[in-house]
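Peer 1: fold the following for me, if possible:
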Amino acid sequence: MRPLTVGAAQLGPIARYETRAKVVERLIALLHQGAERGCEVVVFPELALTTFFPRWYFPDDSPELLSYFETEMPSAQTQPLFDEAKRLGIGFHLGYAELTPDGHRYNTAILVDRSGSLVAKYRKVHIPGHEEHEPQRPFQHLERRYFEESTEGFSVWRAFGGVMGIALCNDRRWPETYRVMGLQGVEMIFIGYNTPLHYAPDPVQDPLQAFHNHLVMQAGAYQNGTWVIGVAKGGTEEGVESLAHSAVIAPSGQIVAQAVTDGDELITAQCDLDWCSQYKDTLFDFGRYRRPETYQLIGQQKGVIPPP
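Peer 2: Down below sits the predicted model:
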């Protein structure tokens, strides 16, 4: 066995003007719960330091818009989280909005090990939503206005005694996300998300949000023989109801732990990384069974081209 005790640190709503310091206090409280339960890594969600600001339209030079981005990590405001995690000997995953020194804006997540050292940085690949002001919506989803699509792809990193990967929110809906990491031997994928329960382009999907959320993560876990840790920022935030249902999913595709509230809640599980090999070495033995020569369209074509 290679046991790794993981805490999925779901967050409840973060108010529009809630300070970083207040949010960091909440994160540290969840870290303390993790320490009490023997966690080696605690996973915080996407954009964990602020409200989900893409629900509002801002001009590009808006001071409020810029206030939601981190220009350094750690900063003076987030350093206490790093310090306390190091003191407790707990690693963590953290999602946030990143503004680079040369002006690029990414939806980003980092992985920090138990010594406080940065292990990995990932920038979101699949950016959902829309680019322009659409005031007819009850709320907006302007991720495509505020964030660039990363071209860095999906990497994996050795940490916590295994092979770790990162994805964010909409990435979880795309099978390529899991398969690219699966081809690198991933054993655990951390996925933070912010998902409104109302989907304006097709409200018929609204009652299926929780089902679809678990469906794609369970399928990705099973088809690639990997643990998946899906962590939400849920509840009703600034009038918008968002999905919770954070879950720890085994390489079998089974949910082994799930949040029962839509607020700040830590769920934990002891994850045996050796369980991955039961799927990687049998049904999903890629080296034996994959037929990449027959999948060429996946890497060559973006949109749908029906037959004539």
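
Peer 1: helix, strand or coil: sort out Met164 for me.
Peer 2: strand (DSSP: H, G, I helix; E, B strand; the rest coil).

Peer 1: repeat for Ile305
Peer 2: Ile305 ends up coil, using three-state DSSP.

Peer 1: and the strands in this structure?
Peer 2: Along the chain, the stretches classed as strands by DSSP state E are 3-10, 41-43, 91-99, 105-112, 118-123, 156-159, 162-168, 188-193, 227-232, 235-237, 240-242, 247-249, 255-258, 265-272.

Peer 1: what's the average pLDDT for the longest one?
Peer 2: Summarised as a single mean, pLDDT over strand 91-99 is 98.

Peer 1: go on, stretch 284-293?
Peer 2: Stretch 284-293 comes out at a mean pLDDT of 97.

Peer 1: re the thing from before, out of the strands of the chain, nearest to Tyr178?
Peer 2: Checking the strands of the chain against Tyr178 by C-beta to C-beta gives strand 188-193 as the closest, at 6.9 Å. For the C-beta atoms, the positions are set from N, CA and C on the backbone; glycine is no exception.

Peer 1: now do the helices in the stretch 51-200 of the chain.
Peer 2: Counting by DSSP state H, counting those that start in this stretch, the segments of the stretch 51-200 of the chain that form helices are 63-67, 79-88, 143-146, 175-182.

Peer 1: ok, which of those helices comes nearest Asp285?
Peer 2: Judging the helices of the stretch 51-200 of the chain by C-beta to C-beta, what sits closest to Asp285 is helix 175-182, at 11.6 Å.

Peer 1: helices and strands around the closest one, which ones?
Peer 2: Applying 3 or more C-beta pairs under 8 Å, 6 or more residues apart in numbering; DSSP states H and E, one finds that helix 175-182 contacts strand 162-168, helix 209-224.

Peer 1: how about TSV for those, with mean pLDDT and distance to Thr51 added?
Peer 2: Output for the helices and strands packed on helix 175-182, formatted as TSV (pLDDT from 0 to 100; distance: least, C-beta to C-beta, whole Å):
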stretch	mean pLDDT	distance to Thr51
strand 162-168	98	17
helix 209-224	98	19
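
Peer 1: save the helices of the stretch 51-200 of the chain as a markdown table, and put in distance to Thr51 and mean pLDDT too.
Peer 2: Converted to a markdown table, the helices of the stretch 51-200 of the chain look like this (distance: least, C-beta to C-beta, whole Å; pLDDT from 0 to 100):
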| stretch | distance to Thr51 | mean pLDDT |
| --- | --- | --- |
| helix 63-67 | 11 | 97 |
| helix 79-88 | 18 | 98 |
| helix 143-146 | 13 | 98 |
| helix 175-182 | 26 | 98 |
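
Peer 1: these: which one's closest to Ser277?
Peer 2: Closest to Ser277 of the helices of the stretch 51-200 of the chain, according to C-beta to C-beta: helix 175-182, at 12.8 Å.

Peer 1: show me the contacts for the residue lying closest to Gly129 once chain neighbours are set aside.
Peer 2: Among residues not flanking Gly129 along the chain, His141 sits closest, at 3.7 Å (C-beta to C-beta, 6 or more residues apart in numbering). Counting by C-beta atoms under 8 Å, 6 or more residues apart in numbering, His141 makes contact with 54-55, 128-130, 196, 200.

Peer 1: OK, contacts around the residue nearest to Ala48 when sequence neighbours are not counted?
Peer 2: Excluding the flanking residues, the one nearest Ala48 by C-beta to C-beta, 6+ apart is Gly95, at 5.1 Å. When contacts are counted by C-beta under 8 Å, 6+ apart, Gly95 touches 44-48, 107-109, 168, 192.
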